[in-house]
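Undergrad: Predicted model and sequence below, questions to follow.
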Amino acid sequence: MHHEGNTPLIRLAKRDDMPRAQVWAIRGASFVLAILIGALIFLLLGHNPLTAYGTILDGSLGRATMIQQTVRIAVPLLGTALAIAPCFKMRFWNIGAEGQITAGAVGASYFALFWADTLPAPVLLVVMALSGALLGGLWALIPAFFKARWGTNETLFTLMMNYIMIGIVRWLQGGPWEGRPGSQIIPEFDDAAMLPRVFGVHCGWIVVLVLTVLMFLYMKYTKQGYEIAVVGESQNTARYAGMNVGKVIMRTMFLSGALSGLVGFLVVSGADGTLHAEVAAGVGFTAITVAWLAQLNPFGMVGISALLAVLEKGADRLQTRMDVPASISDIITGVFLFCILGCEFFIRYRLIFSHKSKGKEAAANG
């Protein structure tokens, strides 16, 4: 027997499709709310919010050199978000992009360190890119194979593989690839192994923008993209439709790892100029947030990556010019992410408040 009194005070219900104008109004409001909360934090710290936000924008977009550094931050973020999008669409939780980026960096670095004198520069860069993509793809294929064959937990598997690959780089740093004995540092790359610059930034930004368009077309208009979507909806439905689910998982994960590996190549050959254990620098984890906030839409990822890069680069200027601690910059970034993510929740669901008075009326009538 059901009592009205048992009805929860607040319930969640999935919304019907909301008009586009209303969706964007909610997103705009959440962005304004994030700015206001950030302003409040600055006020509590005794800083003028307008000056603080001005400093963030000036520090990230104020001069050509600032813009170039901001773009450099955004490139690996966008590239990795694009890489993990197909996995997440397939409901395969690839938390291993950090290791896959590092694996790609190792693959590219081998040729940069030992083949720079042998191969002409354009050929060397192509070989480095292919090697990075191949090693990243193979590293991602290991957990995919285990998942497809024995149904292992991919979240834990991919996460653990990050630490293995980072450990391999630490071993290379102190062993076979060490430059000066005892330095624990891998030598810097030859100029031939460095990516050419376009508008003051390595050409990786062109690569990731091309990848954005290609990933959009791949997910939306190809047979493989359709298979990824079906497997994500229901593996049983996919099997019933005659799809080889294990094959789809392994193929998609190889693609994801290959793109992450390509990002590793872009980082060592475009930005860092050498290989080190922190080459991925947490990008593999931040990119998960970027992919989710963009709802796995490649073009949305461009905007989110740019926003995070502006906040990160601007935070440096905030520290030096206004003496704001780095932790506060992280909090501001967190507030923006929370508000953007929160608005998506309200776009998909609505809260239903049950009134106690109804319960009392029902009891009286009963």
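TA: Ah, there it is.
Undergrad: contacts, neighbours, all on C-alpha from now
TA: Will do.
Undergrad: quick one, strands of the stretch 1-150 of the chain?
TA: Along the stretch 1-150 of the chain, counting by DSSP state E, counting those that start in this stretch, strands occupy 10-14.
Undergrad: low-scoring pLDDT stretches of it, where are they?
TA: Scanning the stretch 1-150 of the chain for pLDDT under 70 picks out the ranges 1-7.
Undergrad: go on, the stretch 251-366 of the chain?
TA: 355-366.
Undergrad: how about the helices in it?
TA: With DSSP state H, counting those that start in this stretch as the criterion, the stretch 251-366 of the chain has helices at 283-293, 298-322, 326-348, 356-365.
Undergrad: Name the residues of the second one that come out as buried.
TA: Pointing back at helix 298-322 there. 298-302, 304-319 (16 or more other Cα atoms under 10 Å).
Undergrad: likewise stretch 166-176?
TA: Residues 166, 169, 170, 172, 173, 174 are the ones in stretch 166-176 that count as buried (16+ other Cα under 10 Å).
Undergrad: Quick one: mean pLDDT for that stretch?
TA: Per-residue pLDDT values across stretch 166-176 average out to 96.
Undergrad: Check what contacts that stretch and list those residues.
TA: For stretch 166-176, the external contacting residues (Cα atoms under 8 Å, 6 or more residues apart in numbering) are 99, 102, 106, 178, 182-186, 275-278.
Undergrad: Report the buried members of those.
TA: Buried members of the contacts of stretch 166-176, counted by 16+ other Cα under 10 Å: 99, 102, 106, 178, 184, 185, 186, 275, 276, 277.
Undergrad: possible to save the residues you listed as CSV with distance to residue 253?
TA: Output for the buried ones among the contacts of stretch 166-176, formatted as CSV (distance: Cα to Cα, whole Å):
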residue, distance to residue 253
99, 13
102, 16
106, 19
178, 32
184, 33
185, 32
186, 30
275, 24
276, 25
277, 23
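Undergrad: about what we covered before: please name whichever of the helices of the stretch 251-366 of the chain is nearest to residue 52.
TA: Set against residue 52 and scored by Cα to Cα, the helices of the stretch 251-366 of the chain come closest in helix 298-322, at 6.9 Å.
Undergrad: Measure how that closest one sits relative to helix 283-293, angle-wise.
TA: Between helix 298-322 and helix 283-293, the angle formed by their directions is 120 degrees, by axes from the mean of the first three to the mean of the last three Cα atoms, to 10 degrees.
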